[in-house]
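Asker: here is my input, please return the structure:
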Amino acid sequence: MATHLAQAFQRAGFPIGGIFSRTHTSALALAEKVGGRACTSISEVLQSSQLIIVAVPDHVLSELLIDTQVPDNVIIIHTCGALGINVFVGKAAHYGVLYPLQTFSQKIAVELKHVPFCIEASDKDSMELLRQVASAVSDTVVEID
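Answerer: The predicted structure follows:
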(Lines give C-alpha, C1' and ligand atoms only; values in the text may rest on other atoms or scores of the structure.)
Protein backbone atom coordinates (compact mmCIF):
# COMPACT_ATOMS: atom_id res chain seq x y z
CA MET A 1 0.00 0.00 0.00
CA ALA A 2 2.82 2.41 0.84
CA THR A 3 4.23 2.22 -2.68
CA HIS A 4 0.87 2.87 -4.36
CA LEU A 5 0.00 5.76 -2.06
CA ALA A 6 3.42 7.41 -2.16
CA GLN A 7 3.49 7.30 -5.95
CA ALA A 8 -0.08 8.62 -6.24
CA PHE A 9 0.55 11.49 -3.81
CA GLN A 10 3.81 12.36 -5.52
CA ARG A 11 2.04 12.45 -8.93
CA ALA A 12 -0.65 14.67 -7.36
CA GLY A 13 2.03 17.20 -6.41
CA PHE A 14 2.55 16.41 -2.73
CA PRO A 15 6.21 16.38 -1.73
CA ILE A 16 7.28 13.16 -0.05
CA GLY A 17 9.56 14.16 2.81
CA GLY A 18 10.62 10.87 4.29
CA ILE A 19 10.11 7.14 3.89
CA PHE A 20 10.58 4.73 6.76
CA SER A 21 10.31 0.97 6.41
CA ARG A 22 11.17 -1.95 8.64
CA THR A 23 13.97 -2.63 6.15
CA HIS A 24 16.16 0.27 5.05
CA THR A 25 16.50 -1.33 1.60
CA SER A 26 12.73 -1.00 1.08
CA ALA A 27 12.80 2.60 2.27
CA LEU A 28 15.63 3.40 -0.16
CA ALA A 29 13.81 1.77 -3.09
CA LEU A 30 10.59 3.71 -2.49
CA ALA A 31 12.44 6.96 -1.78
CA GLU A 32 14.18 6.65 -5.15
CA LYS A 33 10.80 6.24 -6.89
CA VAL A 34 9.11 9.24 -5.25
CA GLY A 35 11.98 11.58 -4.49
CA GLY A 36 11.78 11.33 -0.72
CA ARG A 37 14.50 10.67 1.82
CA ALA A 38 14.98 7.16 3.21
CA CYS A 39 14.84 7.40 7.01
CA THR A 40 16.29 4.94 9.49
CA SER A 41 13.67 5.58 12.19
CA ILE A 42 10.08 6.72 12.49
CA SER A 43 11.28 9.64 14.66
CA GLU A 44 13.23 11.02 11.68
CA VAL A 45 10.02 11.15 9.66
CA LEU A 46 8.07 12.70 12.54
CA GLN A 47 10.55 15.56 12.85
CA SER A 48 10.39 16.57 9.20
CA SER A 49 6.77 16.12 8.12
CA GLN A 50 3.39 17.76 8.52
CA LEU A 51 1.37 14.65 7.65
CA ILE A 52 2.52 11.09 8.35
CA ILE A 53 0.83 8.19 6.57
CA VAL A 54 1.56 4.89 8.27
CA ALA A 55 0.93 2.22 5.64
CA VAL A 56 1.87 -1.01 7.38
CA PRO A 57 0.11 -4.33 7.91
CA ASP A 58 -2.55 -4.17 10.62
CA HIS A 59 -0.59 -6.36 13.06
CA VAL A 60 2.49 -4.08 12.87
CA LEU A 61 0.87 -0.71 13.68
CA SER A 62 0.52 -1.10 17.45
CA GLU A 63 4.09 -2.41 17.71
CA LEU A 64 5.37 0.56 15.69
CA LEU A 65 3.61 3.04 17.96
CA ILE A 66 4.91 1.65 21.28
CA ASP A 67 7.68 4.24 21.73
CA THR A 68 6.28 6.86 19.37
CA GLN A 69 5.09 10.29 20.47
CA VAL A 70 3.87 12.48 17.62
CA PRO A 71 4.63 16.23 17.80
CA ASP A 72 1.51 18.38 18.26
CA ASN A 73 1.96 20.06 14.87
CA VAL A 74 1.94 16.73 12.97
CA ILE A 75 -1.10 14.75 11.80
CA ILE A 76 -0.58 10.99 11.75
CA ILE A 77 -2.92 8.62 9.95
CA HIS A 78 -3.00 4.90 9.29
CA THR A 79 -4.39 2.79 6.47
CA CYS A 80 -5.27 -0.35 8.44
CA GLY A 81 -8.66 -1.88 7.75
CA ALA A 82 -9.01 -3.77 11.02
CA LEU A 83 -7.91 -1.02 13.43
CA GLY A 84 -9.84 2.05 14.44
CA ILE A 85 -8.79 5.61 14.99
CA ASN A 86 -8.32 5.08 18.75
CA VAL A 87 -4.94 3.42 18.23
CA PHE A 88 -3.48 6.96 18.26
CA VAL A 89 -5.12 8.15 21.51
CA GLY A 90 -2.36 9.25 23.89
CA LYS A 91 0.22 9.16 21.07
CA ALA A 92 -0.84 12.18 18.99
CA ALA A 93 -2.96 15.32 19.22
CA HIS A 94 -4.11 15.07 15.59
CA TYR A 95 -4.77 11.77 13.87
CA GLY A 96 -6.95 9.88 11.47
CA VAL A 97 -7.57 6.97 9.13
CA LEU A 98 -7.24 6.88 5.35
CA TYR A 99 -8.66 3.60 4.12
CA PRO A 100 -8.76 2.83 0.39
CA LEU A 101 -11.38 0.14 -0.33
CA GLN A 102 -9.04 -1.91 -2.49
CA THR A 103 -6.72 -4.88 -2.15
CA PHE A 104 -3.16 -3.93 -3.08
CA SER A 105 -0.24 -5.86 -4.52
CA GLN A 106 3.09 -4.15 -5.05
CA LYS A 107 3.40 -5.64 -8.55
CA ILE A 108 -0.10 -4.79 -9.83
CA ALA A 109 -0.86 -1.19 -10.80
CA VAL A 110 -4.06 0.33 -9.40
CA GLU A 111 -5.76 3.46 -10.71
CA LEU A 112 -6.55 5.15 -7.40
CA LYS A 113 -8.92 7.69 -9.02
CA HIS A 114 -11.47 4.85 -9.18
CA VAL A 115 -10.86 3.53 -5.65
CA PRO A 116 -13.18 4.83 -2.91
CA PHE A 117 -11.35 6.23 0.11
CA CYS A 118 -12.91 6.26 3.58
CA ILE A 119 -11.56 8.87 5.97
CA GLU A 120 -11.90 9.62 9.66
CA ALA A 121 -10.09 12.20 11.79
CA SER A 122 -9.76 13.30 15.39
CA ASP A 123 -10.70 16.92 14.72
CA LYS A 124 -12.15 19.26 12.11
CA ASP A 125 -8.83 20.63 10.79
CA SER A 126 -7.32 17.16 10.44
CA MET A 127 -10.46 15.98 8.63
CA GLU A 128 -10.25 18.88 6.18
CA LEU A 129 -6.59 18.16 5.38
CA LEU A 130 -7.32 14.46 5.02
CA ARG A 131 -10.24 15.22 2.67
CA GLN A 132 -8.02 17.43 0.50
CA VAL A 133 -5.24 14.84 0.34
CA ALA A 134 -7.59 11.93 -0.42
CA SER A 135 -9.52 13.96 -3.02
CA ALA A 136 -6.28 14.66 -4.86
CA VAL A 137 -5.90 10.96 -5.68
CA SER A 138 -9.48 9.60 -5.61
CA ASP A 139 -12.79 10.70 -7.11
CA THR A 140 -14.71 9.18 -4.19
CA VAL A 141 -13.95 10.22 -0.61
CA VAL A 142 -16.39 9.30 2.15
CA GLU A 143 -16.26 10.45 5.77
CA ILE A 144 -16.89 7.58 8.18
CA ASP A 145 -16.74 6.90 11.91
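
Asker: for stretch 93-105, give the mean pLDDT please.
Answerer: The pLDDT scores in stretch 93-105 average 81.

Asker: so the most centrally placed residue in the chain: helix, strand or coil?
Answerer: Nearest to the mean C-alpha position of the chain, counting by CA atoms, centre = their mean, stands residue 53 at 1.8 Å. Using DSSP: H, G, I helix; E, B strand; the rest coil, the structure places residue 53 in strand.

Asker: ok, it - contacts?
Answerer: 2, 5, 9, 77-79, 98 (CB atoms under 8 Å, 6 or more residues apart in numbering). To be clear about C-beta, it is placed using only N, CA and C from the backbone, and glycine gets the same treatment.

Asker: just among those residues, which is most surrounded?
Answerer: Of the contacts of residue 53, residue 77 is surrounded by the most neighbours, 27 neighbours in total, counting by other CB atoms under 10 Å.

Asker: am I right that it sits in a strand?
Answerer: Yes - counting by three-state DSSP, residue 77 is part of a strand.

Asker: what sits closest to it if chain neighbours are left out?
Answerer: With CB to CB, 6 or more residues apart in numbering as the criterion, residue 77 has its nearest non-adjacent residue at 4.3 Å, and that residue is residue 96.

Asker: ok, now residue 8?
Answerer: residue 137 (4.3 Å).

Asker: near that neighbour, how many other residues are there?
Answerer: 22.

Asker: state the distance from it to residue 23.
Answerer: The gap separating residue 137 from residue 23 is 26 Å, by CB to CB, to the nearest Å.

Asker: repeat for residue 130
Answerer: Per CB to CB, residue 130 is found 28 Å from residue 23.

Asker: tell me where the protein has helices.
Answerer: Assigned by DSSP state H, the helices in the chain fall at 2-11, 24-34, 42-47, 58-65, 124-137.

Asker: export these to TSV and append columns for distance to residue 113.
Answerer: Formatted as TSV, the helices of the chain follow (distance: least, CB to CB, whole Å):
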stretch	distance to residue 113
helix 2-11	9
helix 24-34	18
helix 42-47	27
helix 58-65	25
helix 124-137	7
